[in-house]
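Asks: Sequence below, structure please.
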Amino acid sequence: MALIGAGEFLPNMAEFDAGLLAATGRPRPRVAILPTASYPDGEEVFQRWAAMGVAHFGELGAEVEPVLVRDRSEADDAAAAQAVGEADLIYLSGGRPAHLIHALEESAVGRAIASAHHRGAVLAGCSAGAMVLAGHAFDFRLGLLPWLLRWRHGLGFVPGASVMPHYDAWPEPICALIAFQAPRGSVVLGIDEGTAVVGRDGAWQVHGRSRVTVWRGRRRDRYRAGEVFRLDGRAD
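Replies: Okay, the predicted model is just below:
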């Protein structure tokens, strides 16, 4: 499981993404790119993210298929579910988290993602894609006022957690306000741009150029590249 703060398909993520491909254990892994979260920004944006994902992972030696699921109705397409179910790495790119949750929850593609991950496929999400993999995700009710947040259930692949991507692009006081409003008991992972955390057997390791800020209630901890932590705060 990989949660990325921002920067999907950019050259500076190539080394990290090559590591995700190696983690599949396949000489030529199958990668499924889901640009679904970007569809509310228009067909051109949606197609551009799909093409960027294909080019990026293709250059890294993978067999890449864009799974062009735009909305909830297309998430029940049998061919799309099959493509996801056969993938060794499933990548959810950024955009609108609420749209992505609505499209995938209780859908054929959503079930295929869960089944593939259960059998050992690597699951990666960037920005909105990372948000929806957690137990809860937020969006804004009006403008950018952090006290007008709407929290909803995510897809639950990282139960008990919420993800705040682009963390270093926000003033720290606003990040704190968002973290303080997280559902009770939820650990908030603030992931900087160009930075990721990879979870394996309950432990999470930081990768990339910056750091991850973990909020457990009002307690804040920082972790940099190479450092390992657990969501419950226990030492690894």
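Asks: Tell me who's in contact with the residue nearest to M52 when sequence neighbours are not counted.
Replies: Nearest in space to M52, with sequence neighbours left out and distances taken as C-beta to C-beta, 6 or more residues apart in numbering, is F9 at 4.2 Å. C-beta here means a position set from N, CA and C on the backbone, and glycine is covered the same way. Neighbouring residues of F9 by C-beta atoms under 8 Å, 6 or more residues apart in numbering: 49, 52-53, 55-57, 93.
Asks: what kind of secondary structure is F9 in?
Replies: The three-state label given to F9 by DSSP: H, G, I helix; E, B strand; the rest coil is coil.
Asks: Show the buried residues in the contacts of F9.
Replies: Buried members of the contacts of F9, scored by 16 or more other C-beta atoms under 10 Å, are 49, 52-53, 56-57, 93.
Asks: Who does the helix-or-strand element of the chain with minimal mean pLDDT pair with, and is each partner parallel or antiparallel?
Replies: One helix or strand of the chain scores below all others by mean pLDDT, DSSP states H and E: strand 149-153, with a mean of 88. If you go by DSSP bridges, strand 149-153 pairs up with strand 134-140 (antiparallel).
Asks: Dump the strand it pairs with to CSV, restricted to CA.
Replies: Extracted in CSV, the C-alpha atoms of strand 134-140 (Å, rounded to 0.1, in the frame of the first residue of the first chain):
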residue,chain,number,x,y,z
ALA,A,134,-8.1,5.6,4.1
GLY,A,135,-10.9,5.0,6.6
HIS,A,136,-12.2,8.6,6.3
ALA,A,137,-11.8,11.4,3.8
PHE,A,138,-12.7,15.1,3.9
ASP,A,139,-13.8,17.7,1.4
PHE,A,140,-14.8,21.3,1.7
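Asks: circling back to that earlier point, so can I have JSON lines of the contacts of F9 showing distance to G85, pLDDT and secondary structure?
Replies: Output for the contacts of F9, formatted as JSON lines (distance: C-beta to C-beta, whole Å; pLDDT from 0 to 100; DSSP: H, G, I helix; E, B strand; the rest coil):
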{"residue": "W49", "distance to G85": "21", "pLDDT": "98", "secondary structure": "helix"}
{"residue": "M52", "distance to G85": "23", "pLDDT": "98", "secondary structure": "helix"}
{"residue": "G53", "distance to G85": "18", "pLDDT": "98", "secondary structure": "helix"}
{"residue": "A55", "distance to G85": "24", "pLDDT": "98", "secondary structure": "helix"}
{"residue": "H56", "distance to G85": "22", "pLDDT": "98", "secondary structure": "helix"}
{"residue": "F57", "distance to G85": "18", "pLDDT": "98", "secondary structure": "helix"}
{"residue": "S93", "distance to G85": "19", "pLDDT": "98", "secondary structure": "coil"}
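Asks: just the strands in the chain please.
Replies: Along the chain, counting by DSSP state E, strands occupy 2-4, 30-34, 63-66, 89-92, 122-126, 134-140, 149-153, 158-164, 187-191, 195-200, 203-208, 211-216, 219-224, 228-229.
Asks: wait, which of the ones you listed is closest to A80?
Replies: A80 lies closest to strand 30-34 among those, at 8.8 Å (C-beta to C-beta).
Asks: The closest one to strand 122-126, inter-axis angle?
Replies: 30 degrees (axes from the mean of the first three to the mean of the last three C-alpha atoms, to 10 degrees).
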